[in-house]
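In: return atomic coordinates for the entry below.
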Amino acid sequence: MAIQWFPGHMHLTKKAIQERIKDTDVVIELLDARLPGSSANPLLAELTGRRPTLKVLNKQDLADPARTALWLAYYNSQSATRAIGLDASETAPARRLIQACRDLAPLRGGMVKPMRVLICGIPNVGKSTLINTLTGKRAAKTGDEAGITKLAQRISLADDFYLYDTPGMLWPRIIVAKSGYNLAASGAIGRNAFNEEEVALELLDYLIKHYPGAMEARYALQIAPGMKDEQLLEEVGRKRGALLGKGRVNLQKAAEIVIHDFRNAGLGRITLETPQEFSQWLGAGQLLDAERQIKKDKIVGPRNRS
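Out: Next up, the predicted model:
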């Protein structure tokens with residue numbers, strides 16, 4: 001799936017992070033708890049180096065609790081990393097990240113050495129909502145569309161705790177195909193950059209295997225053994241009245257319904273990947289990417305020699 005998702009302001013965000021990271025004590029990366037691996041920016045790891053990192057699995061109230069526990073354990077097993085689950089709309093849990101940052105950088109604090117924290121995340125992961133919850137006011141703009149925050153800003157959460165916000169940033173190229181579909185389903189990518197029907201079919205293919213009961217309950221249907229995603233999308237369209245003339249199903253409308261229901265937890269608490277699954281997808285993607293690079297080098301090589 002081709003997605004054009006690296007507009008100009010994201011180049012500016014990359015440069016801003018490169019400058020800010022020099023004076024940063026802790027990096028907070030906000031992840032979508034429904035797709036923690038896919039919503040982790042590999043470019044961010046390169047930009048921030050070995051800075052202590054707090055992984056915040058946001059929107060955990062929309063995610064599968066058992067799978068959230070797996071992801072928290074996975075990230076907490078990594079060095080210089082802590083992970084917590086969060087619902088950005090809840091004030092008390094949100095304050096926990098301040099203490100988590102202090103635990104990661106215990107030598108920082110007080111007016112002489114104030115804590116300097118950089119918060120990053122992909123578009124539409126809930127970063128602005130979280131900041132507004134932390135400050136108790138509308139310090140950051142929020143919205144349902146990707147890319148609302150446009151400029152970096154500094155926010156004081158305490159006299160000795162400075163939080164630096166940055167616009168949401170994606171990375172220039174997908175090597176994990178499944179991540180592209182999951183990101184599109186979550187709303188991290190603008191709707192003009194992908195095909196809703198294609199994304200809905202990928203989503204349904206996963207839900208049939210892992211959450212069939214959720215589909216049956218939401219759409220009052222029965223998933224028969226061997227049922228394919230195309231068949232299920234048509235059945236959803238019929239159940240929801242997304243019809244064209246002569247009883248034909250409006251697949252575009254049906255796809256929009258499925259994606260909307262996932263994003264708003266109409267299907268229940270769902271997580272689209274486990275650490276083990278994502279590791280397998282990443283390994284396959286890296287292998288395929290390496291093979292593509294070898295082929296590219298073979299093509300470019302002779303041209304350079306001529």
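
In: which stretches of the stretch 1-150 of the chain form helices?
Out: Ranges of helices within the stretch 1-150 of the chain are 8-20, 42-48, 65-76, 91-104, 127-135, based on DSSP state H, counting those that start in this stretch.

In: please identify the deepest-packed of these.
Out: helix 127-135 (a mean of 22; mean count of other C-beta atoms under 10 Å). Where C-beta positions appear, they are placed from N, C-alpha and C, glycine not excepted.

In: got the buried residues for the helix or strand that that one is followed by?
Out: Counting by DSSP states H and E, the next helix or strand C-terminal to helix 127-135 is strand 153-158. Neighbour-count burial for strand 153-158, counted by 16 or more other C-beta atoms under 10 Å, picks out 155, 157.

In: helix, strand or coil for Asn182?
Out: When classified by DSSP: H, G, I helix; E, B strand; the rest coil, Asn182 comes out as helix.

In: thinking it is in contact with Ser38, fair?
Out: Yes - using C-beta atoms under 8 Å, Asn182 makes contact with Ser38 at a distance of 4.4 Å.

In: what do these two both touch?
Out: Common neighbours of Asn182 and Ser38, counting by C-beta atoms under 8 Å, 6 or more residues apart in numbering, are 272-273.

In: which non-adjacent residue is nearest Ile17?
Out: Using C-beta to C-beta, 6 or more residues apart in numbering and skipping the chain neighbours, the partner closest in space to Ile17 is Leu47 (5.0 Å).

In: any idea how far that neighbour lies from Glu196?
Out: Per C-beta to C-beta, to the nearest Å, Leu47 is found 32 Å from Glu196.

In: mean confidence for stretch 253-262?
Out: The average pLDDT within stretch 253-262 is 97.

In: ok, now stretch 24-35?
Out: The average pLDDT for stretch 24-35 rounds to 96.

In: and it, end to end?
Out: Stretch 24-35 has an end-to-end distance of 27 Å (C-alpha to C-alpha, to the nearest Å).

In: how far off centre is that stretch?
Out: 10 Å (C-alpha atoms, centre = their mean, to the nearest Å).

In: and for stretch 223-231?
Out: 28 Å.

In: alpha carbons only: can I get that stretch in PDB?
Out: Extracted in PDB, the C-alpha atoms of stretch 223-231 (Å, rounded to 0.1, in the frame of the first residue of the first chain):
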ATOM      1  CA  ILE A 223     -19.100 -15.700  11.100                       C
ATOM      2  CA  ALA A 224     -19.100 -19.000   9.400                       C
ATOM      3  CA  PRO A 225     -16.000 -21.200   9.300                       C
ATOM      4  CA  GLY A 226     -13.700 -20.100   6.400                       C
ATOM      5  CA  MET A 227     -15.500 -16.800   6.000                       C
ATOM      6  CA  LYS A 228     -13.300 -14.300   4.100                       C
ATOM      7  CA  ASP A 229     -12.900 -10.600   4.700                       C
ATOM      8  CA  GLU A 230     -14.600  -9.600   1.500                       C
ATOM      9  CA  GLN A 231     -17.700 -11.600   2.500                       C
END
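
In: I'd like the mean pLDDT over it, please.
Out: pLDDT averaged over stretch 223-231 gives 95.

In: and for stretch 132-142?
Out: Across stretch 132-142, the average pLDDT comes to 65.
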